[in-house]
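[1] Here is a sequence together with a model predicted from it:
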Amino acid sequence: MAKLYFRYGVMGSSKTANALMVRYNYEERGQEALMVKPAIDQRDGARVIVSRIGLRWPCVYFHEFAAMPEEQVKGYACIIVDEAQFLSKEDVDYLTRVVDLWNVPVICYGLRADFKGELFPGSQALLAAADVIEEIKTICWCGRKATYNARFDEHRRVLKEGAQVVLGANDKYIGLCRLHWRTGNLGPEGGAQ
């Protein structure tokens, strides 16, 4: 029986690398997994998923996936969704139908919360609907578990106000423990370079 998985972690916790490794594992066993991402994510180009360590693979946008005929979707051994925090509640509802009605497993990777510590709509829907919820862990500069996504400006100040979605990577975000997120402490190096 297929399941809906939500694997979440802070920025830099290797979510995308994990997603690409899972896809590779399916390929090694002669099964095809479809890589999907929301169209809002254009950081690394169109229709490609890229990890910080350089792994990359072509993908389709979520709206293209949702428009596929049932028989085509059923032909995949697994659907892997990256940047799942950008999904809508309706998108997550669609994924539950893929799992429940078509018996295709779906593994979603994404952030749980934004730079203010607030849930993204897609993450909130996944936390409510997923059969399996798993945290992908990483550490703060101090060695404690990183649980917050800190957004910082060009002066390395941690921001607590602004638009929920500002695309970026190490140039704008870093995972911090709650204490260092709260105090705005990016560490001795002042955050990512």
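    Sure thing, it's come through.
[2] ok, now how distant is the closest residue to residue 15 other than its chain neighbours from residue 116?
    Distances taken as CB to CB, 6 or more residues apart in numbering place residue 109 nearest to residue 15, at 4.3 Å, with adjacent residues excluded. C-beta here means a position set from N, CA and C on the backbone, and glycine is covered the same way. According to CB to CB, to the nearest Å, residue 109 and residue 116 sit 21 Å apart.
[3] and if you look at residue 17?
    Residue 17 sits 26 Å away from residue 116, going by CB to CB.
[4] Between those two, point out the one with more neighbours.
    Taking neighbours as other CB atoms under 10 Å, residue 17 and residue 116 compare with residue 17 leading, 17 against 14.
[5] Am I right that that one is in a helix?
    Yes: using DSSP: H, G, I helix; E, B strand; the rest coil, the assignment for residue 17 is a helix.
[6] these two touch, right, it and residue 52?
    Yes: assessed by CB atoms under 8 Å, residue 17 is found in contact with residue 52 at 7.3 Å.
[7] In the chain, where is pLDDT below threshold?
    Scanning the chain for pLDDT under 70 picks out the ranges 166-170, 190-193.
[8] Domains in it, by residue range?
    For the chain, automatic domain parsing gives the domain ranges 4-135, 148-183.
[9] Now do the helices in the chain.
    15-28, 62-66, 70-74, 89-102, 121-129, 178-183 (DSSP state H).
[10] ranking those by burial, who's on top?
    With neighbours defined as mean count of other CB atoms under 10 Å, these peak in mean count at helix 121-129, which reaches a mean of 20.
[11] could you give the angle of that one to helix 89-102?
    In terms of direction (axes from the mean of the first three to the mean of the last three CA atoms, to 10 degrees), helix 121-129 departs from helix 89-102 by 40 degrees.
[12] Distance from helix 121-129 to the middle of the chain?
    Centroid separation for helix 121-129 versus its chain: 12 Å, with CA atoms, centre = their mean, to the nearest Å.
[13] circling back to that earlier point, and the residue nearest to residue 15, what does it touch?
    Applying CB atoms under 8 Å, 6 or more residues apart in numbering to residue 109 gives the contacts 7-8, 15-16, 18-19, 80-84, 136.
[14] now swap in residue 84 and tell me
    Counted by CB under 8 Å, 6+ apart, residue 84 has contacts 6, 38, 108-110, 122-123, 126.
[15] Same check on residue 179?
    142, 144, 185.
[16] and the residue nearest the centre of the chain, what are its bridge partners?
    Nearest to the geometric centre of the chain sits residue 110, at 2.0 Å (CA atoms, centre = their mean). Using DSSP bridges, the beta-bridge partners of residue 110 come out as residue 8.
[17] First residue to last residue on stretch 47-61, what's the distance there?
    End-to-end distance of stretch 47-61 (CA to CA, to the nearest Å): 7 Å.
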